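**Q** Take a look and give me a structure for this.
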Amino acid sequence: PTIRKYYNMNTLPEVPHQNLIKDKVFDQEPFRSAIIEIIRNNCNKNYYVSSIYDVLLEKFVENGDYESLPGNDQTLRNYVHHLIESGIIEKEPENRRIYDHVFDTPPGDQMLIDFGQERVGSGVVIHFICLLLRYSRIIHVGAQDHAYNAEEACRAIYRAFCKLGGRPSQLVIDQDAVFIASETYGEVIQTRVFGDFCTEQELKLWVCNKADPESKGPIENVVGFVKKNFFSARNITSIDDVWKSLPGWVERKNQRIHKATFRIPLDVFDAVEKDSLKPIADSFYENSPSSYTPVEIHSTPYVQYKSSKYSLPRSRCFSTIYYKAVNNTLYFYDSDKKYLCQHAVNECRGSVNRLEEHRKEPSTDWVSVVESLRRQWSCYAFQQFINGYKRENPRHLYQQLSAIERFLNLEKPERELVSQVMDQCCRDQKYQFSQFKVVYQLVKAGRTAPGLVEFNDVQTQEMSLYKKAFLDRCGTEGCGL
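**A** Reported below is the predicted structural model:
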């Protein structure tokens, strides 16, 4: 038909293909105005032409104004393209991001980690974690019926290390709340559990930018691959079905030819990357629950381990705690398996190891006595007086201050007198109760304390007088001088 149309033409048209251009049936009122209005109202978000077609049906056909629209959704799609190309509707600027090729890291260097979830036919949501060694592209997948917390994620990562027979040098993660507590201008703060795990396993971190899944494309592809290839064709009703099928599926996929590298991940891992991994280190997050050792704590907050003792918070007396030894470090947990503290194992036999925060806190009974004294006898030198007693009587501060309070309550002196006594004690540095009483009696009698009596008129004698007296005495006693 196209050749016949050209053959029947007498002359070449000024505008080629003009006779072949179809009429734009939507380019008439009221459809034209309605289409432009709909597109402009949705200019800041993605819209579909099929949705515009449905709105036109609702507005013109269902209301009874027209029996049908003048064209189908493909005709409408062509008309929308015409409006954009002709400039009647402004085209949305594309967010053009420039990409570069991501080169592989050395063998055994990086492992990428990400989480995913899938709702199965029974309505159960399966949560899974994917781990990918970047060099060989070998994958490891774990699953459970609830969202991963920090401890479960660390246990899954350690299980992958055991499965692979080694551990990488660096983990590539996103800013998931399981791993990262906060991030401010590139300063990343890990969660306590994940931070302890990284320290224990000597792992470095590469934290991807927030809301930027393209920065970790390989592991994102693995998550999508698990959803499409594993979950899509299986009739899964519970987590048990996943646990039965998932290990075999992972083994088969590690033996396929990878479409990006055109190599078999398992062969590359066995030939190159396996020997580049670090040896497996003991971990608190291994799967053996028997590795917790329960201990009954009595009146002394210490646990004995290999003939040495290690301190605990004093609040744990008369309770049960659990501990576990990992890489020359003792981890202590309460009865609910919540973290308490940790000690480095001391190789010196018979040693007693106490953390600074486990020291006995000094008594605060003296505080109430100080406040009572302040209310009755506050003066200019009062705080210096109290500070002196705190320095000189750290063990018996309560007894000393209580004795002063009782003494003053019995004496019932005037505030002026007590002010003079405290000032004199501060100048003489008399910070004992017995000294306080002496100073009080002297000040009350109008005298100053002994030791600070000033002698203005001191009798002096010539040295010749003392020499004569010395010689006379020596001659009397027959010294032979």
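**Q** Please enumerate the helices of the stretch 51-200 of the chain.
**A** For the stretch 51-200 of the chain, the helices defined by DSSP state H, counting those that start in this stretch occupy 73-85, 150-164, 192-201.
**Q** Please identify the deepest-packed of these.
**A** Of those, the one with the most neighbours on average (mean count of other CB atoms under 10 Å) is helix 150-164, at a mean of 20. All C-beta atoms are positioned from the backbone trio N, CA, C, and that covers glycine.
**Q** Centre of the chain to that one, how far?
**A** For helix 150-164, the distance from its own C-alpha centre to the chain's C-alpha centre is 19 Å (CA atoms, centre = their mean, to the nearest Å).
**Q** Likewise for stretch 271-280?
**A** Taking CA atoms, centre = their mean, the mean C-alpha location of stretch 271-280 is offset from the chain mean by 30 Å.
**Q** Between the two ends of it, what distance do you get?
**A** Start and end residues of stretch 271-280 are separated by 19 Å (CA to CA, to the nearest Å).
**Q** for stretch 302-313, same thing?
**A** In terms of CA to CA, the two terminal residues of stretch 302-313 are separated by 9 Å.
**Q** Contacts for it next, please.
**A** The set of residues external to stretch 302-313 that reach it, using CB atoms under 8 Å, 6 or more residues apart in numbering, is 295, 297, 301, 321, 323, 325, 330, 332, 340-341, 343, 345-346, 348-355, 357-358.
**Q** same thing but at 7 Å, please
**A** 295, 297, 301, 321, 323, 330, 332, 340-341, 343, 346, 349-355, 358 (CB atoms under 7 Å, 6 or more residues apart in numbering).
**Q** C-alpha coordinates for stretch 168-179, CSV please?
**A** Taking C-alpha atoms only, stretch 168-179 is exported to CSV below (Å, rounded to 0.1, in the frame of the first residue of the first chain):
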residue,chain,number,x,y,z
PRO,A,168,37.2,-11.3,54.1
SER,A,169,39.0,-8.1,55.0
GLN,A,170,36.1,-5.7,54.4
LEU,A,171,32.3,-5.6,54.6
VAL,A,172,30.3,-3.4,52.2
ILE,A,173,27.0,-2.5,53.8
ASP,A,174,24.4,0.2,53.5
GLN,A,175,23.1,2.3,56.3
ASP,A,176,20.7,-0.2,57.7
ALA,A,177,19.7,0.3,61.3
VAL,A,178,20.9,-3.2,62.1
PHE,A,179,24.5,-2.1,61.5
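**Q** which of the residues in it are buried?
**A** 168, 169, 170, 171, 172, 173, 174, 175, 176, 178, 179 (16 or more other CB atoms under 10 Å).
**Q** got the angle for the host helix or strand of residue 324 vs helix 192-201?
**A** Element membership for residue 324 (DSSP states H and E) is strand 319-326. Inter-element angle recorded for strand 319-326 and helix 192-201: 40 degrees (by axes from the mean of the first three to the mean of the last three CA atoms, to 10 degrees).
**Q** Could you tell me which residues make contact with the spatially most central residue of the chain?
**A** For the chain, the residue whose C-alpha lies nearest the mean C-alpha position (CA atoms, centre = their mean) is residue 191; its distance is 2.7 Å. Counting by CB under 7 Å, 6+ apart, residue 191 makes contact with 150, 179, 180, 181.
**Q** roughly how far apart are residue 84 and residue 90?
**A** Computed as CB to CB, to the nearest Å, the residue 84 to residue 90 distance reads 8 Å.
**Q** can you check residue 417 too?
**A** Counting by CB to CB, the gap from residue 417 to residue 90 is 92 Å.
**Q** more neighbours, the two?
**A** Ranked by neighbour count (other CB atoms under 10 Å), residue 417 and residue 90 place residue 417 first, with 15 against 11.
**Q** Quick check, pLDDT for the more buried one.
**A** Confidence per residue is given as pLDDT, and for residue 417 that number is 91.
**Q** And residue 346, by the same measure?
**A** The per-residue pLDDT reported for residue 346 equals 89.
**Q** quick one, what contacts it?
**A** Applying CB under 7 Å, 6+ apart, one finds that residue 346 lies in contact with 308, 353.
**Q** SS state for it?
**A** Taken by DSSP: H, G, I helix; E, B strand; the rest coil, the conformation at residue 346 corresponds to coil.
**Q** so what's the backbone phi/psi at it?
**A** Dihedral angles of residue 346 (phi, psi; degrees, to the nearest 10) stand at phi -90, psi 120.
**Q** Distance of it relative to residue 301?
**A** According to CB to CB, residue 346 and residue 301 sit 17 Å apart.
**Q** How about residue 434?
**A** With distances defined as CB to CB, the gap from residue 434 to residue 301 amounts to 37 Å.
**Q** okay, the two: which has more neighbours?
**A** residue 301 (21 against 9).
**Q** Name the nearest residue to the more buried one, sequence neighbours excluded.
**A** Computed as CB to CB, 6 or more residues apart in numbering, the closest residue to residue 301 that is not its neighbour in sequence is residue 312, at 4.5 Å.
**Q** Near that neighbour, how many other residues are there?
**A** Neighbours of residue 312 (other CB under 10 Å): 24.
**Q** And for the one 4 residues further on?
**A** Counted with other CB under 10 Å, the burial measure for residue 316 works out to 20 neighbours.
**Q** next one: the one 5 residues further on
**A** Using other CB under 10 Å as the criterion, residue 321 is surrounded by 22 other residues.
**Q** for it, what are its contacts?
**A** Counting by CB under 7 Å, 6+ apart, residue 321 touches 295, 297, 312, 332, 333, 334, 340.
**Q** about what we covered before: switch the helices of the stretch 51-200 of the chain over to JSON lines; also include mean pLDDT and distance to residue 399.
**A** Conversion of the helices of the stretch 51-200 of the chain to JSON lines gives the following (pLDDT from 0 to 100; distance: least, CB to CB, whole Å):
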{"stretch": "helix 73-85", "mean pLDDT": "86", "distance to residue 399": "91"}
{"stretch": "helix 150-164", "mean pLDDT": "91", "distance to residue 399": "49"}
{"stretch": "helix 192-201", "mean pLDDT": "89", "distance to residue 399": "43"}
